[in-house]
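1. Below: sequence and its predicted model.
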Amino acid sequence: MSTNFTFSIKRIGFDEHYQPANNTRITTNFANLARGESRQQNLRNALCMINSRFNALAPWDNPNLNRYAVELEIISVDLAAEGQSHSFPTIEVLKTSILDHQTGQRLAGIVGNNFSSYVRDYDFSILLPEHNKNQPQFSIPANFGDLHGKLFQLFVNSAAYQQNFDKPPVICLSVSDNKIYQRTSNQHPVLGVEYQPNEPSLTELYFKKMGLQVRYFMPQGSAAPLAFYFVGDLLNDYSNLELISTIATMESFQKIYRPEIYNAHQSAGASYQPNLKNQAHNLTNIVYDREERSRLAVEQGKFAEEHFIKPHRAALEQWSSRALHA
């Protein structure tokens, strides 16, 4: 296998008519909402939540709180090695755009937001449990996340990325339920109050290998902080509306996926530990199958192992080692 990789990008609109492709990795996230009898109502409700949250966070020159609409595209990234005719699905992210009904303009949003990856599924759902199966104490395998991190950085620096996107990605995830977050005195007009964790999470360490740093902010009106993974200067590299598009999109999805945290009755205080067993929360009117999401992460981790990791292990390890020391 050659380790000269090229990336190709496919886009599909995520709207009330969205139908997942058979090979989409996003099955563990958005496609879950787009199946079954409630599919169209699910999608409508999710998009309505996103638009309402966006307008609430952008009230200036927006007296009726209906000036803006967020448009979403699923960005699917395939990787192919030089000389091979077939490609492997690697990453799926979301891209936001902002429609200004007042001016008729369509404004750029942020690429990233949600993050899905077959290789990450392999690392967390196959490799990590296998490594710890007979261990008396939890530990992390040697070089855990190295390959995934280098593949991600290769993509962000690739011609395909540069031709399609103007700014580096921002990925927005949930806080970890086994960390404690302390509120700081730092406050941003859009991102809100900054929090700091008592120690790095495994996700933080994994994303660091992808070249991403993290900061935690709780926007006004939110119940809990969000984790923002980024390159560069999060607070100054993106406009207020760009940041709002990410907050509105990912907080809405977190309210669906993790209502115990993000739709809790009580907002995070000065010291906050997320609780996935919290009963004092509201459910959204959106049908979502959490068990399927967990099961598919394992299935798709096995797919990555069978079709990408095992067949090309030696070449990938050699490439990853060279990339780390380049």
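-> Received the coordinates, thanks.
2. Validate this expectation: Glu71 resides in a helix.
-> No. Note on Glu71: no helix contains this position according to DSSP: H, G, I helix; E, B strand; the rest coil, which reports strand.
3. That one and Ser97 touch, don't they?
-> Yes. Using CB atoms under 8 Å, Glu71 makes contact with Ser97 at a distance of 4.4 Å. For the C-beta atoms, the positions are set from N, CA and C on the backbone; glycine is no exception.
4. higher neighbour count, the two?
-> Glu71 (18 against 15; other CB atoms under 10 Å).
5. I'd like to know how far the more buried one sits from Asp15.
-> Distance check for Glu71 against Asp15: by CB to CB, to the nearest Å, it reads 8 Å.
6. Ramachandran coordinates for the closest residue to Val77 other than its chain neighbours?
-> In space, Val77 comes closest to Ile91 once its chain neighbours are excluded; the distance is 4.2 Å by CB to CB, 6 or more residues apart in numbering. Torsion angles at Ile91 (phi, psi; degrees, to the nearest 10) stand at phi -140, psi 150.
7. OK, contacts around Ile91?
-> 25, 76-77, 115-117, 152, 155 (CB atoms under 8 Å, 6 or more residues apart in numbering).
8. what does Asn66 give?
-> Under the criterion of CB under 8 Å, 6+ apart, the neighbours of Asn66 are 55, 101.
9. Validate this expectation: it resides in a helix.
-> No. Assignment of Asn66 by three-state DSSP gives coil, placing it outside any helix.
10. Do you know the pLDDT at it?
-> With respect to pLDDT, Asn66 scores 97.
11. So which of the contacts of Ile91 is the closest to Asn64?
-> Phe115 (33.8 Å; CB to CB).
12. shared neighbours of Glu71 and Ser97, anything?
-> When contacts are counted by CB under 8 Å, 6+ apart, Glu71 and Ser97 are jointly contacted by Arg106.
13. Tell me where the stretch 151-300 of the chain has helices.
-> Under the criterion DSSP state H, counting those that start in this stretch, helices of the stretch 151-300 of the chain are mapped to 159-164, 202-208, 234-237, 240-257, 259-262, 290-304.
14. For Ala160, give me its contacts.
-> Residues counted as contacts of Ala160 (CB under 8 Å, 6+ apart) are 6-9, 77.
15. Strands of this protein, start to end?
-> Remark: strands assigned in the chain by DSSP state E are 5-14, 68-81, 88-100, 106-117, 170-173, 181-188, 192-197, 213-218, 226-230, 271-272.
16. Minimum distance to Phe253: which of those strands has it?
-> Relative to Phe253, the nearest member of the strands of the chain by CB to CB is strand 106-117, separated by 6.9 Å.
17. Which of the residues in the closest one are classified as buried?
-> Of the residues in strand 106-117, those scored as buried under the neighbour-count criterion (16 or more other CB atoms under 10 Å) are 108-117.
18. Distance to Cys48 and pLDDT added to those residues, as a markdown table?
-> Converted to a markdown table, those look like this (distance: CB to CB, whole Å; pLDDT from 0 to 100):
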| residue | distance to Cys48 | pLDDT |
| --- | --- | --- |
| Ala108 | 23 | 93 |
| Gly109 | 18 | 96 |
| Ile110 | 20 | 97 |
| Val111 | 23 | 97 |
| Gly112 | 23 | 95 |
| Asn113 | 18 | 94 |
| Asn114 | 18 | 92 |
| Phe115 | 24 | 92 |
| Ser116 | 23 | 89 |
| Ser117 | 29 | 91 |
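19. so which of these comes closest to Leu147?
-> For Leu147, the closest of the buried residues of strand 106-117 turns out to be Ser117, at 11.0 Å, with distances computed as CB to CB.
20. Would you check that that closest one makes contact with His148?
-> Yes. If you go by CB under 8 Å, Ser117 and His148 touch, sitting 6.6 Å apart.
21. Perfect, that will be all.
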